[in-house]
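>>> Here is a sequence with its predicted model. Questions after.
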Amino acid sequence: MIAITDCKKNAKVLYKGEPCVVTDYNHFKPGKGGAFVRLKMRNLITGLTFEDTFRSEEKIDTPDLAYRTMAFLYKDGNSYCFIDQESYEQAELDASSLEDVLPYLKEQVEYTMLYWGDRLIGATPPLHMVFQVAETPPGVRGDTAQGSCTKPATLDTGMVVQVPLFVNAGDMIKVDTRDGKYIERIQK
């Protein structure tokens with residue numbers, strides 16, 4: 001069990017018997033009465049988002065989560081198949097469980113899989129990933145009005161990111177998967 005005041009953003013908690021992740025944390029200290037905490041949480045199984053208010057002295061359970069590394073194999077309809085490289089065990093997740101990870105799915109790339117008991121409930125991509133720029137408008141010198149020096153680029157997975165003007169179609173770039181932002185161009 002952990003104190004409610006320790007449930008910061010991205011903390012995993014067990015709420016009403018199901019694992020949840022904290023998406024927003026607000027601590028209130030009114031002039032009269034005790035302090036309280038309002039947590040906005042997302043259920044890791046159903047994906048539903050909800051809020052609840054707790055007294056600051058309350059405690060909440062932590063879920064028994066396990067992490068395993070698995071590689072993405074293929075997409076079959078609405079499900080995505082992953083394989084454990086050591087035991088060759090395969091597991092499938094549906095698109096709703098992978099909503100945040102879909103733009104980063106590439107075959108043979110290893111992802112951190114989240115298990116609750118023996119049930120697969122989510123995936124996390126590597127911190128940085130390399131993608132090929134499939135399409136981007138040409139960068140023309142002088143197109144920096146208002147200090148804007150970026151342009152949209154469509155990557156090989158279909159994701160669109162803002163890149164500097166010197167990036168061209170066919171270039172390999174590194175992207176931060178936490179916020180989906182360009183990091184650097186990779187030299188061939």
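Noted; the coordinates are in hand. Numbers count the residues shown, from 1 in each chain.

>>> Quick check: end-to-end length of stretch 79-91?
End-to-end distance of stretch 79-91: 10 Å, with CA to CA, to the nearest Å as the criterion.

>>> How about residues contacting that stretch?
68-75, 92-95, 98, 105, 110-111, 113, 120, 123 (CB atoms under 8 Å, 6 or more residues apart in numbering). For every residue, glycine as well, the C-beta is placed using N, CA and C.

>>> can you do 7 Å?
Stretch 79-91 is contacted from outside by 68, 70-74, 92-94, 98, 105, 111, 113, 120, using CB atoms under 7 Å, 6 or more residues apart in numbering.

>>> I'd like the average pLDDT over that stretch.
Per-residue pLDDT values across stretch 79-91 average out to 91.

>>> and if you look at stretch 169-177?
Mean pLDDT, taken over the full extent of stretch 169-177, equals 93.

>>> Go through that stretch and flag the buried ones.
Buried residues in stretch 169-177, counted by 16 or more other CB atoms under 10 Å: 171, 173, 175, 177.

>>> The second one: what's it in contact with?
With contacts defined as CB under 7 Å, 6+ apart, the neighbours of I173 are 131, 133, 163, 167, 182, 184-186.

>>> what does the first one give?
When contacts are counted by CB under 7 Å, 6+ apart, D171 touches 133, 185.

>>> pLDDT wise, what is the residue of the chain positioned farthest from its centre at?
When distances to the mean C-alpha position of the chain are computed (CA atoms, centre = their mean), the maximum falls on K32, with 39.0 Å. Residue-level confidence at K32 comes out at 84, pLDDT.

>>> and it, backbone torsions?
With angles defined as degrees, to the nearest 10, K32 sits at phi -120, psi 130.

>>> List the contacts of the helix or strand hosting Q162.
Following DSSP states H and E, the helix or strand that holds Q162 is strand 160-164. Taking CB under 7 Å, 6+ apart as the criterion, the residues outside strand 160-164 that touch it are 136, 149-155, 173, 175, 180-182.

>>> immediately after that strand, which helix or strand?
Stepping forward along the backbone from strand 160-164, the first helix or strand reached (DSSP H and E) is strand 172-176.

>>> now could you export just the CA positions of the strand holding Q162 as CSV?
What follows is strand 160-164 as a C-alpha-only set of coordinates in CSV (Å, rounded to 0.1, in the frame of the first residue of the first chain):
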residue,chain,number,x,y,z
VAL,A,160,3.3,12.8,-38.6
VAL,A,161,6.0,14.7,-36.7
GLN,A,162,7.5,18.2,-37.0
VAL,A,163,11.0,18.2,-38.3
PRO,A,164,13.6,20.9,-39.2
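
>>> Each with direction, which strands does it pair with?
Each strand that pairs with strand 160-164, with its direction, by DSSP bridges: strand 150-155 (antiparallel).

>>> Now do the strand it pairs with and strand 172-176, the angle between them.
The directions of strand 150-155 and strand 172-176 differ by 100 degrees, with axes from the mean of the first three to the mean of the last three CA atoms, to 10 degrees as the criterion.
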